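A.B. asks: Sequence and predicted structure are below.
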Amino acid sequence: MVRVRFAPSPTGYLHIGSARTALFNWLYARHTGGQFILRIEDTDKVRSNPEFLDEILGSLKWLFMEWDGELTFQSKRFDLYKKYAEALVEKKLAFREGAAIIFKVEKERRVFFDDMIHGRIDFSTDEIKDQVLMKSDGTPTYNFACVVDDAQMKITHVIRGDDHISNTPKQILLYNALGFEIPQFAHIPLILSKDGGRLSKRHGATSIFEYKNMGFVAEALVNYLALMGWAPGNDVEILPIAEMIKLFDVKNVNKTGATFDMDKLGWLNSQYIKNMEINKLIAETKEFLKCKGVIDDKFDEKKWGEIVLAYKERTRTLEDFVSVYKIFFNSELEYDEKAVEKYLKKPNSKDIIVKCRAVLEKLPAFDHNSIEGAYRKLADELKMKPAELIHPTRVAISGKTVGAGLFEMMAILGRDAVLKRMEKFC
RNA sequence: GGCCUCAUCGUCUAGCCCGGCCUAGGACGUUAGGUUCUCAGCCUAAAGACUGGGGUUCAAAUCCCCAUGGGGCUACCA
């Protein structure tokens, strides 16, 4: 059975690159019916922090990556590493230097492995220095702990970033010395920042939760991440997770590093928002508004549902719903000065608003069609284009020149609010 | 520097393994037009790439070599 692992260090939040590595592991496990194991590499006691661990686990869950079994903490396995290190000393394959245990690398030999993505890669041991196994402070080094754990945890496939390619021969030497079976390796390309380097804080958001905060939906982010270095073929780009699992195979992952493109993520996000089942979208936006402190428990969910429906096609992120919310629920509107200048400060502006308002006041039914009919009729009577009435009204009731269809907005807002807002310009 | 690795539109990629169907396809973004009450959306169109040089072959984006460029590693970090 396939057993893969994701091994984060709780020394920082889960960033885009690691999330993508986790995703490929997870997809491969689900695709093959195998297991996805989490190992926490917290050997660095100083830099490790439980808060980071919570954030990493929370990010994984948010992105649907449920793991199998219990978490393994390296910090709880120091005895194990020590035992194996001492066994190597015993076998004269390692030696002590002070309090540290160092692995002796035999020179003039070749080490190779068949990477699932890159094919055969080989190295000369002349390039590899003797490796510290146990540091003088009694903690194991990364390469050593990694080998012991992957072997002990019966990991069959090591899927990790290709920055680990050069670590692989060192690890293979250790697998051999320890008599462990060597797993399959798959080194996936790194995600690069716009200037070609490693993705880092400096290049904007890298933490998964930052994306959540910016209003991206989990489905879109997972979809986008999967597309970084992998393509299902047939020009398919938008694919639900079930489909991804079905089609994913590490063997089809690219060798080339991919640059993170916020524009495309944004577009994917808009697609997911547009096509999301309406009740789910309402729930997601509600959750988002709550997180942002825009709403509390008393909140007109029915009205919000209508608003979401009216705006979902023109929304790119959940964040866009914040300003939409304010238009409909804040008693004090924020006006775009330029818009007011353009549509409500003309010589005939007041006259237009007064006339429109009068019509609206007398309208028997205040719904989309009735309002539209009334506006078109009035425009006709005034020998004006409907647009000449529509634009000023939109600014008067929403403060902006952009937004959903005017009649939709008015119907949602309701007669009282519409009349009250228009009164300001009479 | 040494070692490893990668190389198709600005970006993500399809094609490459198993050469011909590639006058290189799709998507994002950009630009133009259409639709509408605005914006967005949607529809249509346009511009836009095989890093360079050598081979191999009747034929190369696809195979080989070299160069160039990018990235990674070169820690008692992970």
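C.D. replies: Noted; the coordinates are in hand. Numbering: from 1, shown residues only, chains lettered A, B, ... in the order given.

A.B. asks: For A:Asp137, give me the pLDDT.
C.D. replies: The predicted local confidence for A:Asp137 comes out at a pLDDT of 93.

A.B. asks: A:Phe425 too?
C.D. replies: pLDDT, A:Phe425: 87.

A.B. asks: Burial check on the residue nearest to it when sequence neighbours are not counted, number of neighbours?
C.D. replies: Spatial nearest neighbour of A:Phe425, chain neighbours left out: A:Ile353 (4.7 Å); criterion: Cβ to Cβ, 6 or more residues apart in numbering. Quick note: C-beta positions are derived from backbone N, CA and C, even for glycine. Taking other Cβ atoms under 10 Å as the neighbour definition, A:Ile353 ends up with a count of 23.

A.B. asks: Pull the residues that contact the helix or strand containing A:Ile353.
C.D. replies: Secondary structure assignment for A:Ile353, by DSSP states H and E: helix A:349-362. With contact meaning Cβ atoms under 8 Å, 6 or more residues apart in numbering, helix A:349-362 is reached by A:343-344, A:366, A:371, A:374-375, A:378, A:382, A:388-389, A:392-393, A:396, A:410, A:415, A:418-419, A:422-423, A:425-426.

A.B. asks: just to revisit the earlier point, now the residue nearest to A:Phe425: how far from RNA strand B?
C.D. replies: 15 Å (Cβ to the nearest atom of the strand, to the nearest Å).

A.B. asks: A:Asp296: what secondary structure?
C.D. replies: Following DSSP: H, G, I helix; E, B strand; the rest coil, A:Asp296 is assigned to coil.

A.B. asks: quick check: mean pLDDT across stretch A:251-264?
C.D. replies: 93.

A.B. asks: Residues contacting that stretch, please?
C.D. replies: With Cβ under 8 Å, 6+ apart, stretch A:251-264 has contacts from A:16, A:24, A:116-118, A:186, A:188-194, A:196, A:199, A:204, A:224, A:228-231.

A.B. asks: same check, this time on stretch A:270-285
C.D. replies: Contacts made with stretch A:270-285 from outside it, assessed by Cβ under 8 Å, 6+ apart, are listed as A:217, A:219-220, A:223, A:238, A:301, A:304-305, A:308-309, A:312-313, A:315-318, A:321.

A.B. asks: Alpha carbons only: can I get that stretch in PDB?
C.D. replies: Taking Å, rounded to 0.1, in the frame of the first residue of the first chain, the C-alpha atoms of stretch A:270-285 are listed here in PDB:
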ATOM      1  CA  SER A 270     -14.400  34.200  -9.500                       C
ATOM      2  CA  GLN A 271     -15.300  31.000 -11.300                       C
ATOM      3  CA  TYR A 272     -15.800  29.100  -8.100                       C
ATOM      4  CA  ILE A 273     -17.800  31.900  -6.600                       C
ATOM      5  CA  LYS A 274     -20.000  32.200  -9.700                       C
ATOM      6  CA  ASN A 275     -20.700  28.500  -9.900                       C
ATOM      7  CA  MET A 276     -21.000  27.800  -6.200                       C
ATOM      8  CA  GLU A 277     -24.300  26.400  -4.900                       C
ATOM      9  CA  ILE A 278     -26.100  29.500  -3.600                       C
ATOM     10  CA  ASN A 279     -26.700  28.300  -0.100                       C
ATOM     11  CA  LYS A 280     -23.000  27.400   0.200                       C
ATOM     12  CA  LEU A 281     -22.000  30.800  -1.100                       C
ATOM     13  CA  ILE A 282     -24.300  32.500   1.400                       C
ATOM     14  CA  ALA A 283     -22.800  30.500   4.200                       C
ATOM     15  CA  GLU A 284     -19.200  31.200   3.000                       C
ATOM     16  CA  THR A 285     -19.800  34.900   2.600                       C
END
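
A.B. asks: what does the stretch 101-250 of chain A have sitting close to RNA strand B?
C.D. replies: Of all the residues in the stretch 101-250 of chain A, those in contact range of RNA strand B (Cβ under 7 Å from any atom of the strand) are A:118-119, A:121-124, A:127, A:129, A:132, A:135-137, A:139, A:141-143, A:162-167, A:189-190, A:192, A:196-198, A:227-231, A:233, A:235, A:237.

A.B. asks: which residue does the stretch 51-200 of chain A bring closest to RNA strand B?
C.D. replies: Distances between the stretch 51-200 of chain A and RNA strand B by Cβ to the nearest atom of the strand are smallest at A:Tyr142, namely 2.9 Å.

A.B. asks: wait, doesn't that residue sit right on A:Thr43?
C.D. replies: Yes: distance between A:Tyr142 and A:Thr43: 7.4 Å, which falls inside the contact criterion (Cβ atoms under 8 Å).

A.B. asks: between these two, who's got more neighbours?
C.D. replies: Neighbour count, other Cβ under 10 Å: between A:Tyr142 and A:Thr43, A:Thr43 has more, with 22 against 17.

A.B. asks: tell me, how many neighbours does A:Tyr335 end up with?
C.D. replies: Residues within reach of A:Tyr335, counting by other Cβ under 10 Å, total 16.

A.B. asks: Same question for A:Ile412.
C.D. replies: Around A:Ile412 sit 21 other residues, with neighbours defined as other Cβ under 10 Å.

A.B. asks: Wait, it touches A:Ile307, no?
C.D. replies: Yes: contact status for A:Ile412 versus A:Ile307: in contact at 5.9 Å, counting by Cβ under 8 Å.
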